[in-house]
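In: please find the sequence and the predicted model below.
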Amino acid sequence: MAGRERVIRMSVEQPLWRALMAYRVLTMGYAVALFATAYDRFARPWLAVAYFVVLCGWTLATLPRVANAASCTRWFLAVDLTVALTGILLTPLADTHERVLSGGPTLPSIWTAGSVLAYAVKGGWRWAAFASTTVAVANLAERGTPARDTVHNVILVWVASIAIGYVVEVARASERTLARALEIEAATRERERLARDIHDGVLQVLAMVQRRGSALGGEAAELGRLAGEQEIALRTLVSGGLAAPSRVSRDAALGAVVRAVDEPDAGEDPVDLRSLLAPYAGARVTLSEPGSPVPLPSAAARELAAAVGAALDNVRRHAGETARAWILVEDEPDGIVVTVRDDGPGIPEGRLAQAEGEGRLGVAQSIRGRLRDIGGTADLISVPGQGTEVELKVPKDVSGGPRAARGKAERR
């Protein structure tokens, strides 16, 4: 069945870029309003007006540049910081000496912090330390003396920007770790799905060829031996396997990217479970079902029917061709229960754990794995000499196949 690529992007820093865009606009307005209220106290107000024209034009024109990490390039950061530093150094020329010494605000005021924060979000704490140190030097040069309030503001910006840069770096590392975990989970579930399909088909045929070849002898025995070797190799392959590495988006603002392959939707229209189980009925398999339809979403119904088929395969393989089996379908208020019972010799204690360790996935994957993926449960009861009973339960509110049971991820 053709697969479909599903892309999941995770980014905890994208909200920081949105906040930075709003911060730059708001602080631009604040700096202009601060100047307007003290216009008559400036020594050269025309110089300040010229700077604010440049500042407003630059801020509004470059808003897309602070929308994400890819747009926020190094040259933009350099020019943006230059605009902030120029405003700080122009303050003693535009304002009076008395206002500068008394702790009056610089021309860009707190807009400068936006430039420093852009460095922090883009490059982490090292870039933040560089930008904040540069701003600190400019502030000290503007005042001329290391006044108490100036030092206080410098230290505050320095610590805050470095802290934000460090948090961004930790967040990015966490995103990569989470992406890796999701990639491993997706690869594991895909491997389990392939293992079930292989077990239901190829491995069963190889096992049958091995048994029949050994019974016939001669050249057929050699063919059976080779089939047995291939069965063991294939079981080892499907029970092991490797998980593909996670991918990281080239656009850092999009965060870590996980690509998983899911089966395409076959539609969520409910189907009658009885129609999928009817082909299993035969001379040695008795099917007991309700008189009314038993609706389930198509994907979940197919998985449940396949689990029933896997249980019957185990009956034929381990209980013998003459064993009888019974399928009971119960439509209960809170879910669907399908029971498969046989009159075989039963399963010795510890045999299931041993089989799973040998890579035999009939119960672990073809039955329990399928039910787990659709949000159901599979219970196996076996008493030596008294047959085996497999009880499969699926809730009625199941919304689909394996993807529905794994929850919803943000898709963009």
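Out: The structure has been received and is ready for your questions.
In: from here on, just use CA atoms for contacts and neighbour counts.
Out: OK.
In: buried residues, stretch 381-397. List them.
Out: Ser382, Gly387, Thr388, Glu389, Val390, Glu391, Leu392, Lys393, Val394, Pro395, Lys396 (16 or more other Cα atoms under 10 Å).
In: for those, which one is nearest Ala319?
Out: Comparing those against Ala319 with Cα to Cα places Gly387 closest, at 8.4 Å.
In: so who does that closest one touch?
Out: By Cα atoms under 8 Å, 6 or more residues apart in numbering, the contact list for Gly387 reads Arg341, Asp342, Asp343, Gly344, Pro345, Gly346, Ile347.
In: quick one: the strands in the stretch 151-300 of the chain?
Out: With strands called from DSSP state E, counting those that start in this stretch, the stretch 151-300 of the chain shows them at 247-248, 256-262, 270-272, 285-288, 295-297.
In: separation between the nearest residue to Gln210 once chain neighbours are set aside and Pro279?
Out: In space, and not counting its chain neighbours, Gln210 is closest to Gly224: 3.8 Å by Cα to Cα, 6 or more residues apart in numbering. Applying Cα to Cα, to the nearest Å, the value for Gly224 to Pro279 is 30 Å.
In: report the two of the buried residues of stretch 381-397 separated the most.
Out: Greatest spacing in the buried residues of stretch 381-397, by Cα to Cα: Gly387 and Lys396 (29.0 Å).
In: neighbour-wise, which of Gly224 and Pro279 wins?
Out: Gly224 (24 against 10; other Cα atoms under 10 Å).
In: in stretch 27-41, which residues are buried?
Out: Applying 16+ other Cα under 10 Å to stretch 27-41 flags Thr27, Met28, Tyr30, Ala31, Val32, Leu34, Phe35, Tyr39 as buried.
In: equivalent analysis for stretch 53-64, please.
Out: By neighbour count on 16+ other Cα under 10 Å, the buried set for stretch 53-64 is Leu55, Cys56, Thr59, Thr62, Leu63.
In: for stretch 281-298, same thing?
Out: Neighbour-count burial for stretch 281-298, counted by 16+ other Cα under 10 Å, picks out Val285, Thr286, Leu287, Ser288, Glu289, Val294, Pro295, Leu296, Pro297, Ser298.
In: how long is that stretch end to end?
Out: OK, stretch 281-298 end separation, Cα to Cα: 20 Å.
In: stretch 284-302 now?
Out: Taking Cα to Cα as the criterion, the two ends of stretch 284-302 lie 23 Å apart.
In: what is the mean pLDDT for stretch 271-278?
Out: Stretch 271-278 carries an average pLDDT of 88.
In: number the residues from 19 up from this point.
Out: Right, with 19 as the first residue, what we last looked at is stretch 289-296.
In: just the CA trace of it, in PDB.
Out: The C-alpha coordinates for stretch 289-296 follow below in PDB (Å, rounded to 0.1, in the frame of the first residue of the first chain):
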ATOM      1  CA  VAL A 289     -17.900  -1.000   8.200                       C
ATOM      2  CA  ASP A 290     -19.700  -4.100   9.500                       C
ATOM      3  CA  LEU A 291     -17.100  -6.200  11.400                       C
ATOM      4  CA  ARG A 292     -19.100  -9.300  10.600                       C
ATOM      5  CA  SER A 293     -18.400  -9.000   6.900                       C
ATOM      6  CA  LEU A 294     -14.700  -9.000   7.600                       C
ATOM      7  CA  LEU A 295     -14.800 -12.100   9.900                       C
ATOM      8  CA  ALA A 296     -17.200 -14.100   7.700                       C
END
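In: ok, residues contacting that stretch?
Out: So stretch 289-296 is contacted by Leu305, Glu307, Pro311, Val312, Pro313, Leu314, Pro315, Ser316, Ala319, Arg320, Ala323, Val326 (Cα under 8 Å, 6+ apart).
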